[in-house]
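Participant: Task: produce atomic coordinates for the following.
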Amino acid sequence: MTEIEQFEGAGEEGQPLHRLAVAGLLASVLVACVACAVCAILPLGHPSLACGIAPLLTAGAVAVVLGRLKDRYRHRAAQACAVSDTVQRVLLRPLPRRIGALGLASVYRACGGRGQVGGDLYAVARTGGATRLIIGDVCGKGLPTFEDVAAVLGAFREWAPRAEGLPELSARLEESFLRHLTEADGGARDTDERFVTALLLEIPDGQRFARMVNHGHPPPVRAREGCVDLVPGLPSPPLGLRGLPGLGAIEESFELAVGDTLLLYTDGLIEARDAAGRHYPLLERARNWGWTRQDAAHHESLPAVLGEILQDLVAHSGTLPEDDLAMVALTRLEGPGGAARLQPVGEALHGAAG
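Facilitator: Presented below is the predicted three-dimensional model:
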């Protein structure tokens, strides 16, 4: 069994607990039978003494067996979480606090919490005098989506620094993902249901406008001078569905001035429901977040903004979302003539956030 398979099995908490209960019951029956047989054979002088010793022997043996099984389960669960955390850190690298003219913060939580892998993704890259970002959501949940996430992130990291523009980057991602689908599992899995919604951004240094290609992904939310709005756009087909005739990548521009804050997110945010089944009212809630007071001078508080959003999401639904959730918040820090620089990678908020 591979480490990933062990990790997947350890994430299903009900099965190990069920096995512990069955093992404990079998051990109890076995020890009770042995104790009764021993007491019947040995000359203990009185039948009641044999009946009193048998439960004591049974209880002691069961406690030892269950203790050992519980320690083994905890050890395997800790190993599984360590493997999961390592895989996530390697694949979803923490975003830098500062890149180019942007301040950044990110949060990621798989639907199963710690010890699970998910189908959401994000990454950032520099190309010339611009910063490019991707945030996406692979169709499906859990471990089967992880290889699709790896394929998209690998293609983005290869082509984002090299592509002439977002349309070319989009075409390269589509080409790479379709090749991945053709080669994956030797065609054993149905590729018709495998696609990726993704948002591509290009934010040039020293310019007021950013560029965007939206592959069927939820639109960004922008906070500016106390006002909050969606950044509209014409959606392109999700990655993996470009075979649809007459459809291709559509690049659009929108204003992103100094001090503006942009929230990128996956559908785990907007599809969270409360007890009455109502979806999370994103724009209504966003107007009350502290990010409306965010500006270029306070970009270090971006992680706190994401923490506030998670807390507000829990207040709405009563729990963390059941779907995978990824968010990236960014603020433009410098206007025309501002020097672009790259700071060391900071800590991203992962599964335990919120």
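Participant: Now do the contacts for E251.
Facilitator: Counting by Cβ atoms under 8 Å, 6 or more residues apart in numbering, E251 touches 165-167, 211-213. (C-beta placed from N, C-alpha, C; glycine too.)
Participant: try R222
Facilitator: 228-231, 254, 256, 260-263.
Participant: What ranges does the stretch 101-250 of the chain have for its helices?
Facilitator: Remark: helices assigned in the stretch 101-250 of the chain by DSSP state H, counting those that start in this stretch are 146-159, 166-183.
Participant: wait, which of the ones you listed is closest to A326?
Facilitator: helix 146-159 (10.5 Å; Cβ to Cβ).
Participant: What residues of the closest one count as buried?
Facilitator: 146, 148-153, 155-156, 159 (16 or more other Cβ atoms under 10 Å).
Participant: average pLDDT for stretch 227-241?
Facilitator: Averaged across stretch 227-241, pLDDT comes to 87.
Participant: Correction: the previous question concerned stretch 286-297.
Facilitator: 69.
Participant: And for stretch 326-340?
Facilitator: Taken as a whole, stretch 326-340 carries a mean pLDDT of 72.
Participant: quick one, phi/psi of the closest residue to E225 other than its chain neighbours?
Facilitator: Among residues not flanking E225 along the chain, G259 sits closest, at 7.7 Å (Cβ to Cβ, 6 or more residues apart in numbering). With angles defined as degrees, to the nearest 10, G259 sits at phi 90, psi -10.
Participant: my read: G259 touches T331, true?
Facilitator: Yes. The pair G259 / T331 is scored as a contact, 7.0 Å apart, by Cβ atoms under 8 Å.
Participant: who has more neighbours, these two?
Facilitator: T331 (27 against 18; other Cβ atoms under 10 Å).
Participant: mind checking which helix or strand that one is in?
Facilitator: Element membership for T331 (DSSP states H and E) is strand 325-332.
Participant: Next, the buried residues of that strand.
Facilitator: 325-332.
Participant: and of those, the nearest to L178?
Facilitator: Looking across these and measuring by Cβ to Cβ, the closest to L178 is A326, at 23.3 Å.
Participant: Contacts only, for the closest one.
Facilitator: 106-109, 120-122, 135, 137, 265-266, 268.
Participant: same thing but at 10 Å, please
Facilitator: 92, 106-110, 118-122, 135-137, 264-269 (Cβ atoms under 10 Å, 6 or more residues apart in numbering).
Participant: Excluding chain neighbours, give the residue nearest to it in space.
Facilitator: D120 (3.8 Å).
Participant: thought the one you found was touching C139?
Facilitator: No. Judged on Cβ atoms under 10 Å, D120 makes no contact with C139 at a distance of 11.4 Å.
Participant: low-confidence ranges in the chain?
Facilitator: Flagging of the chain using pLDDT under 70 yields the residue ranges 1-62, 65, 73, 75-90, 111-117, 141-144, 185-192, 242-247, 292-300, 335-354.
Participant: Please, where are all the strands along it?
Facilitator: All strands of the chain, identified by DSSP state E, fall at 98-100, 102-109, 120-127, 130-138, 196-204, 209-215, 221-224, 227-230, 251-255, 261-265, 325-332, 341-342.
Participant: When D120 and C139 are compared, which one has more neighbours?
Facilitator: Higher neighbour count among D120 and C139: D120, with 24 against 14, using other Cβ under 10 Å.
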